[in-house]
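Trainee: Quick one, structure for this:
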Amino acid sequence: MKTTPLLLLLLTTVITGHSFGPCYADTEGALLPETRFMARPPWKELYFQGGKGFTRIAASVRLRSSRGFCPCDLTCTLKGLMPCPLEEANTKVLSVDTAVSTLIPPQEEYIQHVWFNKKNGKAYQRIRWKKGAHAWIKAYKWEERGVRRLKLQPRGPHEINLAPGKWTRKKSSFFPYAQDAESCHVISEPAVLLYLLSIIDTRQVRFPLELCVFGKKQLHRVTIRLMRLKPLKISFESYGLQGEHRVEKTIRPMVFFITTLPEEKKKREPFSLLGLREDIYIFIDPETRLPVRIMGKTKRAGDMVLALTGAWIR
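Mentor: Okay, here's the model as predicted:
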């Protein structure tokens, strides 16, 4: 594996005498039906920001009920592909807003909604919406043998300012899973990893852990390793029923290192999460189980860190 500044940071942690490593290092695990999770994550919403050079990323993650929820006026447009709203038992929706700005406009803004099973992270359906110039909406439905997608776009300048439900340019696609996908007990979605890693019982799960997730056009097999790093200072705004206050403290985070298998890296689509791609590190406060850092690469700026700036706490 190529050594990057992010990896060097982790290696420096080892050299300075703070040990880390995967739990149950001799045994590989998988996300099985019996994988143990805590009842629910401690957060309702998370806000992240990061930047390097002229590139800035701002992202918000919101966990919501699926009851009655259907974004934009798409109910009729998506009829026959995916139910909206989806109100099956144990279903939650994870909504992610990501804005990427660079020195050269325009800013890229994406809104995403993922319906998934809160018990095991299994994805059911997803909507991705690129706003602004060259807007589109892509609706995905997870099926037994692959993922079906409907892409909506304005047909010419006269439709640009219309509601998405009135766009008339449509294209249907089907992305089959790889032949070895039968071994995937659950097929999830990248953003849902933030939810799963907030509630997974690390004392009962064997690491490294393998998980199947569907990205934009293909299935990814990711390996998740658990690490411990030297103390880290964090600072963010906390919101909740008790009001708003500033959190400033030092933690020794659990770090989940997410990487795809070597053969996956040869495929055309990199694994990505919140504008970051390829090898990704998610830092979790072991006491509160809040994700406080996300590290990865960007297409234009290279290595980048997204820091938690705010959180709505239950």
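Trainee: any low-confidence regions in the stretch 1-150 of the chain?
Mentor: 1-38, 72-77, 79-80 (pLDDT under 70).
Trainee: try 90
Mentor: 1-41, 51-55, 66-90, 100-108, 119-120, 131-135 (pLDDT under 90).
Trainee: And the strands in it?
Mentor: 29-30, 43-52, 55-65, 91-101, 108-117, 123-131, 136-142, 146-153 (DSSP state E, counting those that start in this stretch).
Trainee: Switch these over to JSON lines; also include mean neighbour count and distance to Tyr281.
Mentor: For glycine as for every other residue, the C-beta is placed from the backbone atoms N, C-alpha and C. JSON lines is the format used below for these (neighbours: other C-beta atoms under 10 Å; distance: least, C-beta to C-beta, whole Å):
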{"stretch": "strand 29-30", "mean neighbour count": "17", "distance to Tyr281": "19"}
{"stretch": "strand 43-52", "mean neighbour count": "19", "distance to Tyr281": "13"}
{"stretch": "strand 55-65", "mean neighbour count": "18", "distance to Tyr281": "15"}
{"stretch": "strand 91-101", "mean neighbour count": "20", "distance to Tyr281": "18"}
{"stretch": "strand 108-117", "mean neighbour count": "20", "distance to Tyr281": "21"}
{"stretch": "strand 123-131", "mean neighbour count": "21", "distance to Tyr281": "22"}
{"stretch": "strand 136-142", "mean neighbour count": "20", "distance to Tyr281": "26"}
{"stretch": "strand 146-153", "mean neighbour count": "20", "distance to Tyr281": "27"}
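Trainee: can I get these in JSON lines with distance to Arg225?
Mentor: JSON lines is the format used below for the strands of the stretch 1-150 of the chain (distance: least, C-beta to C-beta, whole Å):
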{"stretch": "strand 29-30", "distance to Arg225": "11"}
{"stretch": "strand 43-52", "distance to Arg225": "22"}
{"stretch": "strand 55-65", "distance to Arg225": "22"}
{"stretch": "strand 91-101", "distance to Arg225": "23"}
{"stretch": "strand 108-117", "distance to Arg225": "23"}
{"stretch": "strand 123-131", "distance to Arg225": "22"}
{"stretch": "strand 136-142", "distance to Arg225": "26"}
{"stretch": "strand 146-153", "distance to Arg225": "27"}
